[in-house]
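Colleague: Here's a sequence, model it:
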Amino acid sequence: MPSKTYPTVATGPGVTRQVLADHPDLMVVAFRFMEGAEGAQHNHPHVQATYVQSGRFAFTVGGNDREVGPGDSFVIPSGATHGCRCLESGVLIDSFTPRRDDFL
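Modeller: Numbering: from 1, shown residues only. This next block holds a predicted model:
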């Protein structure tokens with residue numbers, strides 16, 4: 001089955017999003033951050049798994065702070081408030097279940 005190409009979308013200063021793959025049950029998305037850029041605090045009903053492909057990030061998930069770097073991964077539960085600040089330019093690969101229809 002041929003893969004679909006999705007556009008790169010600016011989501012804020014120094015941050016872009018590109019859907020890599022989607023299905024009603026699952027979505028994979030690349031977020032590219034420039035150093036100093038922020039992913040605003042937010043929550044959503046989707047379960048999210050985040051993999052740090054490159055860079056360094058300071059994350060807050062459900063009131064808990066952590067710094068993550070290349071190769072780190074973690075799960076953000078449904079409804080948990082979370083956000084990040086990019087300490088060193090990089091890429092996060094996020095998977096969402098179910099799919100984030102608002103990204104399509």
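
Colleague: and the spatially most central residue of the chain, bridged to which residues?
Modeller: Nearest to the geometric centre of the chain sits D94, at 4.3 Å (Cα atoms, centre = their mean). Note on D94: beta-bridge partners by DSSP bridges are V29, T50.

Colleague: wait, what's in contact with it?
Modeller: V28, V29, A30, F31, Q48, A49, T50, Y51 (Cβ atoms under 8 Å, 6 or more residues apart in numbering). No exception for glycine: its C-beta is placed from N, CA and C like everyone else's.

Colleague: how far away is the first one from G71?
Modeller: When you say that, I think you mean V28. Distance, V28 to G71, by Cβ to Cβ, to the nearest Å: 17 Å.

Colleague: what do you get for the fifth one?
Modeller: According to Cβ to Cβ, Q48 and G71 sit 18 Å apart.

Colleague: more crowded one of the two?
Modeller: More neighbours surround Q48 than the other of Q48 and G71, with 21 against 9 (other Cβ atoms under 10 Å).

Colleague: which stretch of helix or strand covers that one?
Modeller: If you go by DSSP states H and E, Q48 is part of strand 47-61.
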